[in-house]
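*Asks:* Generate a structure from the sequence data that follows.
(one chain, ligands or ions: 2)
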Amino acid sequence: MGFIASVQGTLLARPHRHLFTSILPTRFYSHMAKAQPHPFCLTFLGTASAVPSSTRSQSALALRNGTDTWLFDCGEGTQRQIQGSNVKMGRINKIFITHLHGDHIFGLVPLLAGLLNGSGGMVDEDDPREFLNVNKPAVEIYGPLGARAYVRSALAFTQTTLAQAYVVHELRFPDDPKTGDFTNLRKHHSESPSGRNIQQEDGVWKDFLKDGLVSFSAAPILHSIPCVGYVLAEDSLPGKVDPQKYIPELKRTGTPMTAMRDIKEGKRVKLNDGTILEGPSRRPGRKVVILGDTYDPSAIAALGQDADLLIHEATNAHLPGLDPRTKEEDTHELVERRTKSRGHSTPQMAGAFAKRINAKALVLNHFSTKYSGNDDDPPSKAIMDAIRGLAAGVADCEVHCSRDFWTYSVEVPTE
Ligand SMILES: [Zn+2]
Ligand SMILES: [Zn+2]
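*Replies:* Ligands and ions are numbered 1, 2, ... in the order given. Presented below is the predicted three-dimensional model:
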């Protein structure tokens with residue numbers, strides 16, 4: 001039996017029907033919860049560029065939406081950062097990788113091992129992990145070409161067994177192979193064979209995933225290696241209903257009160273006397289843009305237009321008088337040129353992109369280790385305030401500098 005067949009066989013041969021039945025209500029309620037908008041709570045788990053420091057861990061960001069937690073990038077030490085944060089590891093069900101640089105993916109395999117009850121095997125006994133728990137859906141990983149091979153290799157060479165399934169879907173660039181896994185290694189016993197190779201259409205990966213009210217899109221952004229940015233767009237939300245406007249009309253015409261359900265959804269309702277009542281018009285849903293490393297994210301501008309929140313890197317800044325490491329000959333132009341040549345952005349570049357897409361808020365991240373993430377230290381805070389100021393001078397919106405364990409919420413709009 002081949003490896004793929006073995007995984008499928010395991011999935012099919014051990015249905016645990018009684019467990020399926022017992023788990024239904026949870027799924028039902030979880031489905032109901034997904035139909036409701038929740039605040040998007042973004043917790044920055046790692047905000048360092050390249051090398052971690054005592055105040056900043058490597059890139060990772062958790063977005064909590066109701067009971068779901070989606071992780072964006074997973075640098076070294078992410079699992080430990082989660083332990084010290086308000087993010088519950090067991091709730092992570094989707095992981096999005098922006099690019100394959102180590103500071104964005106080195107923590108992924110340890111995180112999977114922790115999340116999926118990994119083990120190094122048993123001596124003289126069967127490892128129960130060889131029997132996948134088919135009652136839980138696979139943890140989904142999305143990323144550019146190489147993400148699947150990277151996870152498979154690391155699990156294979158460390159001989160790690162996992163008690164639950166995972167799956168890697170790849171966002172394939174036009175020059176990438178359209179099919180295949182980019183490795184000759186056999187699938188890991190925990191790897192679901194349902195990993196997709198998602199091709200670009202018109203230069204982007206539009207709506208490659210839908211989860212509840214949220215559609216996920218992605219676009220290539222320019223960096224030193226293939227890199228993507230993600231756009232989370234929420235469906236339109238029901239408008240605010242003024243009961244005084246509708247209930248007396250329903251009563252007057254003897255129309256059942258159940259019509260209020262359609263009115264709340266913004267639908268047209270025909271009353272018993274033939275009158276037509278229009279529900280309030282729906283409100284636009286929220287949009288969050290999360291970029292990986294970049295010196296030019298232009299290709300995501302259309303998808304990210306009018307974002308409620310843009311997360312953009314700002315690796316280096318020119319801070320004469322504040323940053324003692326500023327070189328005598330440095331100018332803003334020189335620092336920008338140097339930053340771009342390494343595939344990165346300055347705060348002004350981030351601010352300009354926020355303005356270009358008419359973002360309502362900009363959060364900067366992925367800071368050079370020169371910039372400490374300790375706001376209790378006045379010189380460090382002065383530097384971060386200056387970085388924020390450089391971006392705010394260009395952007396036309398509120399601007400924040402992220403630090404590890406900081407949470408920013410995009411609330412459900414009230415009207
Ligand atoms: Zn990076
Ligand atoms: Zn990078």
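
*Asks:* my read: D396 touches K355, true?
*Replies:* Yes: shown here, D396 and K355 form a contact pair, counting by Cβ atoms under 8 Å, at 4.9 Å. Every C-beta, even on glycine, is put in place using the N, C-alpha and C of the backbone.

*Asks:* Quick check: which ranges of the stretch 51-200 of the chain have low pLDDT?
*Replies:* 132-136 (pLDDT under 70).

*Asks:* Which positions in it make contact with ligand 2?
*Replies:* With Cβ under 5 Å from the ion as the criterion, the stretch 51-200 of the chain meets ligand 2 at residues H101.

*Asks:* show me the contacts for the closest residue to ligand 2 within the stretch 51-200 of the chain.
*Replies:* Ligand 2 sits closest to H101 of the stretch 51-200 of the chain, with a gap of 3.5 Å, by Cβ to the ion. With contacts defined as Cβ atoms under 8 Å, 6 or more residues apart in numbering, H101 is in contact with 225, 293.

*Asks:* let's see it at 6 Å
*Replies:* For H101, no contacting residues are found, by Cβ atoms under 6 Å, 6 or more residues apart in numbering.

*Asks:* neighbours around the closest residue to ligand 1 within the stretch 301-415 of the chain, how many?
*Replies:* Nearest residue of the stretch 301-415 of the chain to ligand 1, counting by Cβ to the ion: H366, 5.7 Å away. Counted with other Cβ atoms under 10 Å, the neighbours of H366 add up to 29.

*Asks:* Can you tell me the closest non-neighbouring residue to it?
*Replies:* E313 (3.7 Å; Cβ to Cβ, 6 or more residues apart in numbering).

*Asks:* Equivalent analysis for R356, please.
*Replies:* Excluding the flanking residues, the one nearest R356 by Cβ to Cβ, 6+ apart is A301, at 6.0 Å.

*Asks:* Isn't the one you found up against I357?
*Replies:* Yes: assessed by Cβ atoms under 6 Å, A301 is found in contact with I357 at 5.4 Å.

*Asks:* Let me see the ranges of the helices in the protein.
*Replies:* 3-13, 17-34, 78-83, 102-105, 108-115, 147-157, 243-253, 259-264, 301-304, 332-341, 347-356, 378-392 (DSSP state H).

*Asks:* Quickly note the distance from Y295 to H223.
*Replies:* 7 Å (Cβ to Cβ, to the nearest Å).

*Asks:* Also T275?
*Replies:* Using Cβ to Cβ, T275 is found at 58 Å from H223.

*Asks:* between the two, who's got more neighbours?
*Replies:* H223 (24 against 12).

*Asks:* State the pLDDT value of that one.
*Replies:* We have a pLDDT of 98 for H223.

*Asks:* leaving aside the residues next to it on the chain, what's closest to I105?
*Replies:* I97 (5.6 Å).

*Asks:* burial count for the residue nearest to R356?
*Replies:* For A301, using other Cβ under 10 Å, the count is 15.

*Asks:* next one: A149
*Replies:* The local packing of A149 (other Cβ under 10 Å) involves 18 other residues.

*Asks:* residue contacts, it?
*Replies:* 182-183.

*Asks:* From N117, how far out is it?
*Replies:* Taking Cβ to Cβ, one finds A149 at 23 Å from N117.

*Asks:* so who does A391 touch?
*Replies:* Applying Cβ under 6 Å, 6+ apart, we find A391 in contact with 347, 350-351, 364, 399.

*Asks:* ok so, going back, state the distance from the residue nearest to R356 to V51.
*Replies:* For A301, the distance to V51 - Cβ to Cβ - is 30 Å.

*Asks:* Repeat that for E329.
*Replies:* 25 Å.

*Asks:* Next: R64.
*Replies:* Note on R64: its distance to V51, by Cβ to Cβ, is 28 Å.

*Asks:* L155 now?
*Replies:* 26 Å.

*Asks:* residues from the stretch 1-150 of the chain in reach of ligand 1?
*Replies:* Residues of the stretch 1-150 of the chain lying near ligand 1 (Cβ under 5 Å from the ion): D103.

*Asks:* now with 6 Å?
*Replies:* 49-50, 59, 101, 103-104 (Cβ under 6 Å from the ion).

*Asks:* got a list of what whichever residue of the stretch 251-400 of the chain sits closest to ligand 1 touches?
*Replies:* Closest to ligand 1 within the stretch 251-400 of the chain is D293: 4.4 Å, counting by Cβ to the ion. Contact analysis of D293 by Cβ under 6 Å, 6+ apart lists 223, 227, 313, 343.

*Asks:* Strands - which of those land there?
*Replies:* Judged by DSSP state E, strands contain the following of those: 227, 313.

*Asks:* Out of the contacts of D293, give me the one that has the most neighbours.
*Replies:* Most crowded among the contacts of D293, counting by other Cβ under 10 Å, is E313 at 29 neighbours.

*Asks:* Any idea what that one is bridged to?
*Replies:* Bridge pairing for E313 (DSSP bridges) gives the partners N365.

*Asks:* So between E329 and V51, which is more surrounded?
*Replies:* Taking neighbours as other Cβ under 10 Å, E329 and V51 compare with V51 leading, 11 against 6.
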